[in-house]
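> Return atomic coordinates for the entry below.
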Amino acid sequence: MAERLFFALPVSISSQMALIKHQAHLGQLGRVVPATNFHLTLAFLGQVTQKQKEALLDRWQELEVPRLKLTLNRYLHFPKAGVVCLGCDQPPIALNRLAAQLRRDAAQHGLHNHRAPFRPHVTLFRGVHEVTELPEPTPVTLELNEVQLMRSHREMGKLIYSPLVRWHAP
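Residues are numbered from 1 along each chain as shown. Coordinates of the predicted model:
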């Protein structure tokens, strides 16, 4: 049976609290993303079989995780996806490099092939197809020192993200 997987950077509880304040500040734009689902996607993998997952974990057994700080400083609206996010202007080079490696690996091994460029963001609302003007946000700085292989699934109609494997920065 295949699982819907992706590589992500988790968001700390203190950063979750700051992001909840952004949701409250913006009001009812759409469906609120629960704080437990806040993350920063590095590479979406799509539907992954058990065999593909085992091979992926073998390839990335020694995944090197950099210690990074990322300042989310602008609201983003992706109309096609129907989401409003908090994103950034200048992601660290090491973050771009890590995302590129994971995305390239996915494409080379028959998983999801990313066509859109990597734009680090944390989704705050879903189901947002029209937005007027978004205000200037108060920046939120994330301290990133862990990568997770996440599984996306539904339980009782709710979207759940569960970490399967964790890699930590030295």
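> Name the residues of the top helix by length along the chain that are buried.
Across the chain, the longest stretch assigned as helix under DSSP state H is helix 93-108. Using 16 or more other CB atoms under 10 Å as the test for burial, helix 93-108 gives L95, L98, A99, Q101, L102, R103, D105, A106. Where you see a C-beta, it was placed from the backbone N, CA and C, and this is true even at glycine.
> now do stretch 133-145
For stretch 133-145, by 16+ other CB under 10 Å, it's P137, V140, L142, L144, N145.
> if you skip the residues just before and after it, what's nearest to the fourth one?
Read that as L144. Excluding its sequence neighbours, the residue lying closest to L144 (CB to CB, 6 or more residues apart in numbering) is L68, at 4.4 Å.
> That neighbour - how many residues pack around it?
Neighbour count of L68, defined by other CB atoms under 10 Å: 18.
> doesn't C88 make contact with it?
No - at 11.3 Å, L68 and C88 do not qualify as touching, with contact defined as CB atoms under 8 Å.
> what's the span of stretch 133-141, first residue to last?
Distance across stretch 133-141, first residue to last, is 23 Å (CA to CA, to the nearest Å).
> Any regions of the protein where pLDDT drops low?
The model of the chain has no residue with pLDDT under 70.
> Spell out the residue ranges of the helices in it.
Going by DSSP H, the chain shows helices at 13-26, 50-59, 93-108.
> would a markdown table of these with distance to Y161 be doable?
Below are the helices of the chain laid out as a markdown table (distance: least, CB to CB, whole Å):
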| stretch | distance to Y161 |
| --- | --- |
| helix 13-26 | 13 |
| helix 50-59 | 16 |
| helix 93-108 | 17 |
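> right, and these - which one's nearest H39?
helix 13-26 (10.2 Å; CB to CB).
> Could you list the buried residues of that closest one?
S15, Q16, A18, L19, I20, H22, Q23, L26.
> dump the residue contacts of the closest residue to N73 other than its chain neighbours.
Distances taken as CB to CB, 6+ apart place P139 nearest to N73, at 4.3 Å, with adjacent residues excluded. P139 is in contact with T71, L72, N73, counting by CB atoms under 8 Å, 6 or more residues apart in numbering.
> out of the helices of the chain, nearest to L5?
Nearest to L5, of the helices of the chain and by CB to CB, is helix 50-59 at 6.9 Å.
> Need the residues that contact the closest one.
M1, E3, L5, L45, V48, D105, H109, G110, L111, L149, V165.
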